[in-house]
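Engineer: what's the 3D shape of this:
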Amino acid sequence: MAKEFRIQHAQLVGIIAKALADAGVPAPVWAIEAEVMAEADLLGVPSHGVRMLPGLVRGIHDGRVTANPQIKIIRERLASCVLDGENGPGRFVSVQAMQHAVGRAQHLGIGACLATRMTHWGRAHAYACRAAQAGMIGICTTNAIPNMLAWGSTRPLLGNNPLAIAVPRGRGREPIVLDMAMSQAAVGKIGTFLREGKKVPANWGLDAAGQPSDDPAAILAGKKILPFGDHKGVGLALIMELLTGALSGGLFSHEIGQADPTGLDAGSSKLFLALNISAFVDAERFGQRVEDLIAWLHQAEPGLTITLPGERGWQTRERNLAEGIPIHEEIAAQLEAIGVRLEPG
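Structural biologist: Next comes the predicted model:
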């Protein structure tokens with residue numbers, strides 16, 4: 001059994017905020033970083049939550065992350081802009097970028113923001129979801145260090161460059177949020193299975209000898225993560241690379257990894273899109289059509305259980321708000337190594 005304890009959400013946010021403030025991060029930045037980082041744990045995705053705090057703090061101390069980035073718009077049209085994130089904390093820069101996209105969409109029907117020279121954003125879900133919570137359809141993607149095999153290669157050639165799309169539901173309901181890596185599973189998810197002593201499906205990756213394995217340790221050690229859908233995942237990862245690294249004129253995945261292999265993704269680029277529903281159809285009509293489709297799916301076959309993208313996360317959030325967020329002892333130990341102590345409560 002995995003050894004873990006639970007901590008209240010507000011307490012976790014405060015601990016993250018203090019650690020970043022102690023590292024020299026100003027309040028406007030640490031407030032967003034702490035909110036988004038703790039949100040991943042709250043929604044049941046520990047691979048992208050407070051587990052990432054030690055790497056961020058070390059990056060700030062080493063000068064690989066700019067604690068107080070001076071974000072600049074370096075190129076602009078009516079519906080689009082390009083941001084230079086000055087390698088600032090990725091969650092903070094990403095929230096600003098999606099806000100720029102949403103702001104343009106409010107006036108023009110569609111908004112796009114391409115953010116370059118920034119670091120790991122944590123979880124793509126957070127930014128697409130924020131657009132949906134503003135009544136928009138949100139889309140975002142990023143490039144990352146190579147961590148995925150491609151075209152039958154023996155070593156990682158591409159990042160698993162995730163894509164998130166969020167659609168609002170209205171009527172007090174949470175958005176539908178698809179958040180997917182181009183690999184069979186995110187590297188962090190494989191790490192979660194390792195911490196919890198679980199086997200993984202054998203199609204997630206290969207061991208060092210190139211054989212399918214259900215051992216997360218063997219897959220991580222061999223660095224042989226498989227794409228989803230074979231050529232489909234590879235093709236999508238390549239396109240996401242072009243929509244970020246190429247479109248920004250910035251670094252490609254292999255160049256990010258050569259400059260900093262730690263996983264901070266310094267120098268990465270991210271694309272944020274917002275679609276104003278009312279520019280295409282009456283918002284109430286759209287909302288009704290969404291609910292019509294969901295209702296049809298739920299009754300399409302007797303006994304069929306439908307789980308919408310992102311739905312498990314909303315259910316997990318309710319439990320974690322009531323009972324506290326589970327923190328694995330291994331993550332707690334990693335935090336203690338940088339002077340951050342989590343107390344159950």
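Engineer: okay, CA-based contacts and neighbour counts for the rest of this
Structural biologist: Fine.
Engineer: just checking, G85 touches Q70?
Structural biologist: Yes: here G85 lies in contact with Q70, judged by CA atoms under 8 Å, at a distance of 7.1 Å.
Engineer: looking at those two, which has the bigger crowd around it?
Structural biologist: The residue with more neighbours, out of G85 and Q70 and counting by other CA atoms under 10 Å, is G85; that gives 27 against 12.
Engineer: for G122, see how far away M180 is.
Structural biologist: For M180, the distance to G122 under the criterion CA to CA, to the nearest Å works out to 13 Å.
Engineer: sec struct for Q99, please.
Structural biologist: Classification of Q99 using DSSP: H, G, I helix; E, B strand; the rest coil returns helix.
Engineer: secondary structure element for the residue nearest to it when sequence neighbours are not counted?
Structural biologist: Across the structure, with CA to CA, 6 or more residues apart in numbering as the measure, the residue nearest Q99 apart from its sequence neighbours is A131 (7.8 Å). For A131, the enclosing helix or strand under DSSP states H and E is helix 125-133.
Engineer: so which elements touch that helix?
Structural biologist: helix 90-108, strand 136-142, strand 163-167, strand 176-180 (3 or more CA pairs under 8 Å, 6 or more residues apart in numbering; DSSP states H and E).
Engineer: part of a helix, is R117?
Structural biologist: No: when classified by three-state DSSP, R117 is found to be strand rather than part of a helix.
Engineer: pLDDT score for it?
Structural biologist: Here, the pLDDT recorded for R117 equals 97.
Engineer: tell me the most buried of the helices and strands packed on helix 125-133?
Structural biologist: Each of those was scored by mean neighbour count; the highest is strand 136-142, a mean of 28, by mean count of other CA atoms under 10 Å.
Engineer: so what strands line up beside that strand?
Structural biologist: Using DSSP bridges, the strands paired with strand 136-142 in its sheet are strand 163-167 (antiparallel), strand 268-276 (antiparallel).
Engineer: ok, and what's touching that strand?
Structural biologist: 102, 124, 127-132, 161-168, 240-241, 244, 268-277 (CA atoms under 8 Å, 6 or more residues apart in numbering).
Engineer: rerun at 6 Å
Structural biologist: Judged by CA atoms under 6 Å, 6 or more residues apart in numbering, the contacts made with strand 136-142 from elsewhere in the structure are 128, 131-132, 161-167, 269-276.
Engineer: how far out from the middle of the chain is the helix holding A131?
Structural biologist: Centroid separation between helix 125-133 and its chain, computed with CA atoms, centre = their mean, to the nearest Å, is 11 Å.
Engineer: name the helices or strands packed onto the helix or strand harbouring G85?
Structural biologist: For G85, the enclosing helix or strand under DSSP H and E is strand 80-88. If contacts are counted by 3 or more CA pairs under 6 Å, 6 or more residues apart in numbering; DSSP states H and E, strand 80-88 sits against strand 72-76, strand 110-118.
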